[in-house]
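A.B. asks: quick one, what's the 3D model for this:
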Amino acid sequence: MTLFTSRLRLIPATPDLLRADLAGPAALGAALGFETSEAWPPEYYDASAMRHTLAQLERDPAAADWTLHYIVTTEGLVAGIVGYKGKPGPEGTVEIGYAVLRQYQRRGIAAEAAGALVEHAFLSPEVRRVIAETLPHLLPSTRVLEKNGFRLIGEGAEPGVIRFELAREDFEAGRREVPGHLRHLLRLLAHQAWADSRALLALERATPPVPETLRLLAHVLGAEHVWLARLSGVAPARAVWPELDPAGCGQLALENEVGYREFIFGLAPADLRRIVSYRNSAGQDLQTAVEDILLHVFLHGAYHRGQVAQRLRLDGSAPEATDYIAFARGTPAARREPG
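C.D. replies: Residues are numbered from 1 along each chain as shown. Modelled structure (predicted):
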């Protein structure tokens with residue numbers, strides 16, 4: 001099905017169009033009926049991608065709704081390619097990709113086309129999240145995703161690639177672009193969720209599991225919970241040093257991530273300096289700005305995850321790297337093997 005935006009039409013690839021694409025720009029332009037530049041194809045879209053998509057459609061014609069689309073402007077110019085990388089997976093995940101010819105970049109074309117794919121994907125009830133992968137240094141590419149509400153969630157399928165995600169919950173809540181005053185806080189929150197999950201993974205792999213290591217990670221998650229309760233003005237349901245098994249850690253980590261996202265997205269610029277009154281675990285009545293509390297939570301977790309990693313090493317197990325730079329660049333940090 002052809003998709004339309006205010007400035008673009010997205011024409012789905014067919015076997016005939018892909019064969020024309022493989023034959024060159026002139027053949028593609030004739031098959032589409034629109035002007036195609038001699039500079040075609042755009043960077044990161046090549047003959048191997050054309051052949052892969054052609055084979056996919058020949059093998060499964062029903063995949064036609066989840067394939068590549070040619071981007072055509074209102075002037076009748078073929079500007080780039082955008083598309084799904086296959087049908088939704090069993091967990092409701094669908095991946096998108098995009099590439100625009102250099103002469104049509106910096107016009108918002110990729111962001112507009114990607115947004116149309118996102119909206120179309122979420123029309124299907126089975127789609128729970130849309131993901132996309134890019135290289136960390138391709139800042140225009142990451143901006144395309146951020147303009148459509150995607151958030152960085154960690155490393156991609158290959159070393160050096162990073163993955164972004166837009167969940168149905170965020171899409172339906174209208175979170176289509178991250179406000180500038182929240183960008184860094186949400187990035188730090190995404191790192192926190194990623195790092196908590198990796199620390200838990202390392203702990204679950206440890207043989208035998210070490211109670212003190214589990215206690216440290218439970219404290220990270222318990223503190224996240226308690227501070228979120230203080231920020232929200234409610235009584236915490238967990239202790240700052242809770243007794244949790246690995247399954248309980250996983251559940252609390254998920255609750256914390258969702259809770260902090262809801263809280264942060266509700267902050268106006270002035271709210272960052274709002275003063276929160278609370279009583280700490282020693283019974284002292286204190287006051288701290290919202291932004292300072294959030295930064296403390298992120299730094300506190302990083303400190304104690306370092307202790308978790310150290311404890312795992314001392315016990316002969318290999319920790320997972322949870323450094324922010326590994327999260328941001330999609331490349332594992334240097335790793336020291338135990339022994």
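
A.B. asks: just the strands in the stretch 101-250 of the chain please.
C.D. replies: 129-134, 151-155, 162-167 (DSSP state E, counting those that start in this stretch).

A.B. asks: from these, which stretch is densest packed?
C.D. replies: strand 129-134 (a mean of 23; mean count of other CB atoms under 10 Å). (C-beta placed from N, C-alpha, C; glycine too.)

A.B. asks: can you tell me which of the strands of the stretch 101-250 of the chain the model trusts least?
C.D. replies: Mean pLDDT is lowest for strand 151-155 out of those, coming in at a mean of 91.

A.B. asks: can you tell me what sits against that one?
C.D. replies: Contacts with strand 151-155, where a contact means CB atoms under 8 Å, 6 or more residues apart in numbering, come from 142, 161-166, 170, 178, 186-187, 190, 193-194, 326-328, 330-332.

A.B. asks: cool, stretch 253-262 as well?
C.D. replies: Contact partners of stretch 253-262, identified using CB under 8 Å, 6+ apart, comprise 170, 186, 189, 192-193, 196-197, 200, 221, 224-225, 228, 232, 297.

A.B. asks: quick one: I11 is in a strand?
C.D. replies: Yes. When classified by DSSP: H, G, I helix; E, B strand; the rest coil, I11 is found to be part of a strand.

A.B. asks: pretty sure it is touching L68, no?
C.D. replies: No. In this structure, I11 is not within contact of L68 by CB atoms under 8 Å, at 9.6 Å.

A.B. asks: these two - which one has more neighbours?
C.D. replies: Neighbours per residue (other CB atoms under 10 Å) separate I11 from L68, with L68 holding more: 28 against 19.

A.B. asks: show me what that one is bridged to.
C.D. replies: On DSSP bridges, the residues paired with L68 through beta bridges are G83.

A.B. asks: next, format the strands of the stretch 101-250 of the chain as a markdown table and append distance to A20.
C.D. replies: Compiled in a markdown table, those are given as follows (distance: least, CB to CB, whole Å):
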| stretch | distance to A20 |
| --- | --- |
| strand 129-134 | 27 |
| strand 151-155 | 36 |
| strand 162-167 | 32 |
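
A.B. asks: between those, which one is nearest to L244?
C.D. replies: Using CB to CB as the measure, strand 151-155 is the one of these that comes nearest L244, at 22.9 Å.

A.B. asks: quick one, what contacts the closest residue to P242 other than its chain neighbours?
C.D. replies: Closest residue in space to P242, ignoring its immediate chain neighbours: G222 at 4.2 Å, by CB to CB, 6 or more residues apart in numbering. Shown here is G222, whose contacts under the criterion CB under 8 Å, 6+ apart are 238-242, 244, 252.

A.B. asks: relative to E243, how far out is G222?
C.D. replies: Computed as CB to CB, to the nearest Å, the G222 to E243 distance reads 9 Å.

A.B. asks: try G89
C.D. replies: 36 Å.

A.B. asks: higher neighbour count, those two?
C.D. replies: G89 (14 against 11).

A.B. asks: surely that one forms part of a strand?
C.D. replies: No. Inclusion of G89 in a strand is not indicated when three-state DSSP is applied; the result is coil.

A.B. asks: relative to R215, how far out is it?
C.D. replies: Plainly put, G89 is 36 Å away from R215 if you go by CB to CB.

A.B. asks: over to L138?
C.D. replies: Spatial separation of L138 from R215 under the definition CB to CB is 41 Å.

A.B. asks: compare the two (neighbour count), which wins?
C.D. replies: Between L138 and R215, R215 has the larger neighbour count (other CB under 10 Å), namely 16 against 13.

A.B. asks: in contact with the more buried one, which residues?
C.D. replies: With contacts defined as CB under 8 Å, 6+ apart, R215 is in contact with W241.
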